[in-house]
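Student: Next come a sequence and a model predicted from it.
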Amino acid sequence: MALALNKLSARGVASIVKPGRHGDGGGLYLVVDKSGAKRWVFLYRRDDKLREMGLGGLKSVTLARARELASEARTNLQAGIDPIAAKNSSAPVAVPTFGDEADAFIAAMAPQFRNAKHLDQWKMTLKEYAAPLRPKRVDEISTIDVLEVLKPIWLTKPETAGRLRGRIERVLDAASAKGHRSGQNPALWRGHLANLLPKRKKLSRGHHAAMPYEDVPAFVTDLRERDAMAARALEFTILTAARTGETFGATWREIDLKAAVWIIPAERMKAGREHRVPLTPRAVEILTELAGLKDGPGAFVFPGWKEGRPLSIMAMDMLLRRMKIDFTVHGFRSSFRDWAGEETTFPREVAEAALAHVIGDETERAYRRGDALEKRRKLMSAWTSYCGPRKPGVVLEMKRQKGAS
């Protein structure tokens, strides 16, 4: 009986997105991983065991070439030769492109990323800024190639450039570990690129442009008049003093509306520790408005346009630009901290705990086992009252002014 071959088409191969094996006939399959990556495999039986031989990723092996390789494998089988043994003994190892190696590296390392924002940053920089490297084979990338990618942003975007260089170095190190390249890593800094690139401007870590806290109430009032999802996300971020990534990655599984608590798991926190955030009535009101959009406990609290994806990581920044506000989203954490220190009598430790900062040395933290949730709830309630319309009877815990009797 003749084999049914060539079931797939080039257009079909490009459009298939469903994870799993998709047969072309004669033992040739296109495998679509859960990550969306596509690769070719040849399945056959030998010694009553099903074996799988990889033929390469779709980006480097076309449908026509995959059929040629599968035909060679079938010829070997008919001659009594194990295709995998023949491949290992005579065929050279296919060297991946930088793009394929970068995608494979990110997929392998995905579990170590703290949150979706961090993962998206890796993907974006290695696709957009490193675009000229992606079609090149990893064993052909030179120092000149790396410099051509880094130089355009080295002085204008120093922090991004530094992170990009480190990520390129790690991808090429992974390629070396797999035997795809040898020699010095062209993205190495010490003793190499450090001698070829000018010293970057000193990074101002932690100093994000912050709105003066006196201006926050008027800004929040303006924010509440806007219907955009980004506006609700930004107000929620301000009222909870959360980091941007913590808000974007929030799922309904983390929210307890009855207890008015948002529990952020350790793997999503910068300090690697679970963080309980007290939710004020206004924060609960925002969540209640959004509850009708949720689709199960794993759904994102602030969903984006694409199904199953959170709001874009740039959504709140773009909203600030449209409002002609020259401050950063992260800067509102500084606004909150300045307000707490200048205008209230809440202890420093409570304010720092509200920001999920690590306080004291290891011994001190061991004795301070609680997270001062209820004390922080009072602080965040005072902050919410300060930011929003004042209600009759609300008294803030304010510092006594000098000279007051």
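Tutor: Arrived safely. Predicted model only: the values in this text are computed from it and were never measured.

Student: Show me which residues of the host helix or strand of E289 are buried.
Tutor: Using DSSP states H and E, E289 sits in helix 281-290. The neighbour-count check on helix 281-290 (16 or more other CB atoms under 10 Å) flags R282, A283, I286, L287, L290 as buried. C-beta: built from backbone N, CA, C; applies to glycine.

Student: This structure: strands as residue ranges?
Tutor: Secondary structure of the chain (DSSP state E): strands at 20-25, 28-32, 38-46, 49-57, 255-256, 261-264, 275-278.

Student: out of those, which comes closest to K157?
Tutor: Nearest to K157, of all the strands of the chain, is strand 261-264, at 29.4 Å by CB to CB.

Student: Now do the buried residues in that closest one.
Tutor: W262, I264.

Student: so what does the lengthiest helix in the chain touch, helix or strand wise?
Tutor: Counting residues, the longest helix found in the chain (DSSP state H) is helix 158-177. With contacts taken as 3 or more CB pairs under 8 Å, 6 or more residues apart in numbering; DSSP states H and E, helix 158-177 sits against helix 98-109, helix 143-154.

Student: what does it rub up against?
Tutor: Applying CB atoms under 8 Å, 6 or more residues apart in numbering, the set of residues contacting helix 158-177 from outside is 96, 98, 101-102, 104-105, 108, 121-122, 125-126, 129-130, 133, 138-139, 141, 146, 149-150, 153-154, 181-182, 185-189, 193, 200-201, 203.

Student: just the CA coordinates of it, formatted as CSV?
Tutor: As requested, the backbone C-alpha atoms of helix 158-177 are provided in CSV (Å, rounded to 0.1, in the frame of the first residue of the first chain):
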residue,chain,number,x,y,z
PRO,A,158,22.1,53.1,28.7
GLU,A,159,20.0,50.9,31.0
THR,A,160,18.3,49.1,28.1
ALA,A,161,21.6,48.8,26.2
GLY,A,162,23.3,47.2,29.3
ARG,A,163,20.5,44.7,29.8
LEU,A,164,20.5,43.9,26.1
ARG,A,165,24.3,43.2,26.1
GLY,A,166,23.9,40.9,29.0
ARG,A,167,21.0,39.0,27.4
ILE,A,168,22.9,38.6,24.1
GLU,A,169,25.9,37.3,26.1
ARG,A,170,23.7,34.7,27.9
VAL,A,171,22.1,33.4,24.6
LEU,A,172,25.5,33.0,23.0
ASP,A,173,26.9,31.3,26.1
ALA,A,174,24.0,28.8,25.9
ALA,A,175,24.8,28.2,22.2
SER,A,176,28.4,27.5,23.2
ALA,A,177,27.3,25.1,25.9
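
Student: Could you tell me how far it lies from the centre of the chain?
Tutor: How far helix 158-177 lies from its chain's middle: 16 Å, per CA atoms, centre = their mean, to the nearest Å.

Student: same deal with stretch 48-67?
Tutor: Mean-position distance between stretch 48-67 and its chain equals 31 Å (CA atoms, centre = their mean).

Student: sorry, back to before: CSV for the strands of the chain, including mean pLDDT and distance to Q78?
Tutor: Converted to CSV, the strands of the chain look like this (pLDDT from 0 to 100; distance: least, CB to CB, whole Å):
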stretch, mean pLDDT, distance to Q78
strand 20-25, 92, 16
strand 28-32, 93, 16
strand 38-46, 91, 11
strand 49-57, 90, 15
strand 255-256, 94, 61
strand 261-264, 94, 59
strand 275-278, 93, 63
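
Student: Export these as TSV, with columns for distance to H330.
Tutor: Formatted as TSV, these follow (distance: least, CB to CB, whole Å):
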stretch	distance to H330
strand 20-25	41
strand 28-32	37
strand 38-46	37
strand 49-57	38
strand 255-256	22
strand 261-264	16
strand 275-278	16
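
Student: hang on, the earlier thing: just the buried ones from the contacts of helix 158-177?
Tutor: Neighbour counting by 16+ other CB under 10 Å classes 96, 98, 101-102, 104-105, 121-122, 125-126, 129-130, 133, 138, 141, 146, 149-150, 154, 181, 185-188, 193 among these as buried.

Student: and G298, which of the strands of the chain is closest to it?
Tutor: strand 255-256 (11.8 Å).

Student: Please identify the pairing partners of that closest one and their relative orientation?
Tutor: strand 261-264 (antiparallel) (DSSP bridges).

Student: quick revisit: for T344, find the nearest of the strands of the chain.
Tutor: Closest of the strands of the chain to T344 is strand 275-278, at 15.6 Å (criterion: CB to CB).

Student: Give me the distance from the closest one to the chain's centre.
Tutor: Remark: strand 275-278 is offset 22 Å from the chain centroid, using CA atoms, centre = their mean.

Student: Sheet partners, orientation included, of it?
Tutor: Strand pairing (DSSP bridges) places strand 275-278 next to strand 261-264 (antiparallel).

Student: chain center to the partner strand, what's the gap?
Tutor: On CA atoms, centre = their mean, the centre of strand 261-264 falls 20 Å from that of its chain.

Student: swap in stretch 210-227?
Tutor: Chain-centre distance of stretch 210-227: 28 Å, with CA atoms, centre = their mean.

Student: List the buried residues of that stretch.
Tutor: Buried, per 16+ other CB under 10 Å, within stretch 210-227: A210, M211, Y213, V216, F219, V220, L223, R224.

Student: what about that stretch, start to end distance?
Tutor: 24 Å (CA to CA, to the nearest Å).

Student: what does stretch 288-306 give?
Tutor: One end of stretch 288-306 sits 22 Å from the other (CA to CA).

Student: From the rest of the structure, what touches that stretch?
Tutor: By CB under 8 Å, 6+ apart, the list of residues contacting stretch 288-306 from outside reads 229, 232-233, 236, 247-255, 257, 287, 309-312, 315.

Student: For those, which ChimeraX command selects only the ones that are buried?
Tutor: Selection of buried members from these for ChimeraX, criterion 16+ other CB under 10 Å:
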select :229,232,233,236,247,248,249,250,251,252,254,255,287,310,311,312,315
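
Student: ok so, going back, could you dump the helices and strands packed on helix 158-177 to CSV with mean pLDDT and distance to R163?
Tutor: Putting the helices and strands packed on helix 158-177 into CSV (pLDDT from 0 to 100; distance: least, CB to CB, whole Å) gives the following:
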stretch, mean pLDDT, distance to R163
helix 98-109, 91, 14
helix 143-154, 93, 11
